[in-house]
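Q: coordinates for the following, if possible.
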Amino acid sequence: MDAVATLIGNGLNSDMLLAALARLDDLGLAGADAVWLDDGIAADIPFAGDINAARGALEGVFEGVDVFVQPAANRAKRLIVADMDSTMIPVECIDELADYAGLKPQIAEVTERAMRGELDFAAALDARVALLKGLEESAIDRCLAERVTLMSGARTLIGTMRARGATAVLVSGGFTRFAEPVGAEIGFDRVIANRLLIEDGALTGAVAKPIVDSATKETTLRGVAAELGLDLSQTLAVGDGANDLPMIRAAGLGVAYHAKPIVAAAAGARVDYGDLTALLYAQGIARADWVQG
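A: As a prediction, the model looks like this:
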């Protein structure tokens, strides 16, 4: 069997797996018996044949179940490049920081449009940061302490992959003052993000150039893979916004995580229901083998 379909969802049962196998058989895709990765939550169905056809037959069929369909080769990834805001943490830091300036509704609306791909990312970032000119630097630390938590499964995902020899890189279109402590808490090897310019204890309304954008994210994925001697098939990228799409498309396993529609439609895989540990099941790593975060 040269491919595998992984079904993930609370309440997954044998009837669902049999129905999935029947759908593959209807397409002439020879499938084997399912193998549980976690009873009642995640299982693999090995099969042979067209991956795109199998994905089309299985995605969205079972309510509350995420589906990954991919080649069996190089399934366990050696590099993960991840977005931060709304991926490794549940918030958009610039929106939360704007709340301390009384500007959250205005800035959040621009953030949403940028993440949907309706605005140029760099220009939108410059415009939003300009509105924060004069905000006290202390608001950054307050925001980090009061608003920023980790996405469910983040530490387990990164801890498990690193324990198995993978490299983890956090690349954010957000800011180093958030990304560096978040990356350290989760356990990333490297962190790349934008730097807010500060003078006399207040934000200047500008960001250091060049801006970390979609091109930076893809370049980082490709560059670190080459540095490590990895084929792109051995890489994983995960994010939620339009600026994540180039790295998601380039990765061996590109995942749209609770993503904007443009990203979910274009990604090779998506997580709509589960948390970040779904990316461990997708790599064939059973819960018994996780490093709990």
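
Q: immediately after the longest helix seen in the chain, which helix or strand?
A: For the chain, the longest helix by residue count, based on DSSP state H, is helix 214-228. As assigned by DSSP states H and E, the chain's next helix or strand after helix 214-228 is strand 235-239.

Q: Ala122 and Ile211 touch, don't they?
A: Yes - assessed by CB atoms under 8 Å, Ala122 is found in contact with Ile211 at 4.6 Å. (Each C-beta comes from the backbone N, C-alpha and C, glycine too.)

Q: of these two, which one has the most company?
A: Ala122 (20 against 17; other CB atoms under 10 Å).

Q: that one sits in which helix or strand?
A: helix 121-131.

Q: using PDB, list the CA coordinates for that helix.
A: Listed next in PDB are the C-alpha coordinates belonging to helix 121-131 (Å, rounded to 0.1, in the frame of the first residue of the first chain):
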ATOM      1  CA  PHE A 121       0.000  41.700   4.000                       C
ATOM      2  CA  ALA A 122       3.000  44.100   4.300                       C
ATOM      3  CA  ALA A 123       0.900  47.200   3.600                       C
ATOM      4  CA  ALA A 124      -1.800  46.100   6.000                       C
ATOM      5  CA  LEU A 125       0.700  45.400   8.700                       C
ATOM      6  CA  ASP A 126       2.300  48.900   8.200                       C
ATOM      7  CA  ALA A 127      -1.100  50.500   8.400                       C
ATOM      8  CA  ARG A 128      -2.100  48.700  11.500                       C
ATOM      9  CA  VAL A 129       1.100  49.300  13.400                       C
ATOM     10  CA  ALA A 130       1.000  53.000  12.400                       C
ATOM     11  CA  LEU A 131      -2.200  53.300  14.400                       C
END
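
Q: what residues of it count as buried?
A: Neighbour-count burial for helix 121-131, with 16 or more other CB atoms under 10 Å as criterion, is recorded at Phe121, Ala122, Ala124, Leu125, Arg128, Val129, Leu131.

Q: could you single out the nearest of these to Asp26?
A: Comparing the buried residues of helix 121-131 against Asp26 with CB to CB picks out Phe121 as the nearest, at 42.2 Å.

Q: which residues sit in contact with the closest one?
A: Contact criterion CB atoms under 8 Å, 6 or more residues apart in numbering gives Ala114, Gly173, Ile211, Asp213, Ser214, Ala242, Asn243 as the residues in contact with Phe121.

Q: pretty sure Ala32 contacts Ala43?
A: No - using CB under 8 Å, Ala32 and Ala43 do not qualify as a contacting pair, with a distance of 11.7 Å.

Q: neighbour count winner among those two?
A: Legend: neighbour count by other CB under 10 Å for Ala32 and Ala43, higher for Ala43 (24 against 14).

Q: mind listing the helices for the stretch 151-293 of the chain?
A: Shown for the stretch 151-293 of the chain, the helices assigned by DSSP state H, counting those that start in this stretch span residues 154-163, 176-186, 214-228, 245-250, 261-266, 278-282.

Q: just the CA trace of the first one, in PDB.
A: In this case it means helix 154-163. In PDB, the C-alpha atoms belonging to helix 154-163 read as follows (Å, rounded to 0.1, in the frame of the first residue of the first chain):
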ATOM      1  CA  ALA A 154       0.900  22.900  20.700                       C
ATOM      2  CA  ARG A 155       3.500  21.700  23.300                       C
ATOM      3  CA  THR A 156       2.600  18.100  22.700                       C
ATOM      4  CA  LEU A 157       3.000  18.500  18.900                       C
ATOM      5  CA  ILE A 158       6.400  20.200  19.000                       C
ATOM      6  CA  GLY A 159       7.700  18.200  22.000                       C
ATOM      7  CA  THR A 160       6.900  14.900  20.300                       C
ATOM      8  CA  MET A 161       8.300  15.900  16.900                       C
ATOM      9  CA  ARG A 162      11.500  17.200  18.400                       C
ATOM     10  CA  ALA A 163      11.900  14.100  20.600                       C
END
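
Q: angle of it against strand 235-239?
A: Using axes from the mean of the first three to the mean of the last three CA atoms, to 10 degrees, the direction of helix 154-163 lies 170 degrees away from that of strand 235-239.
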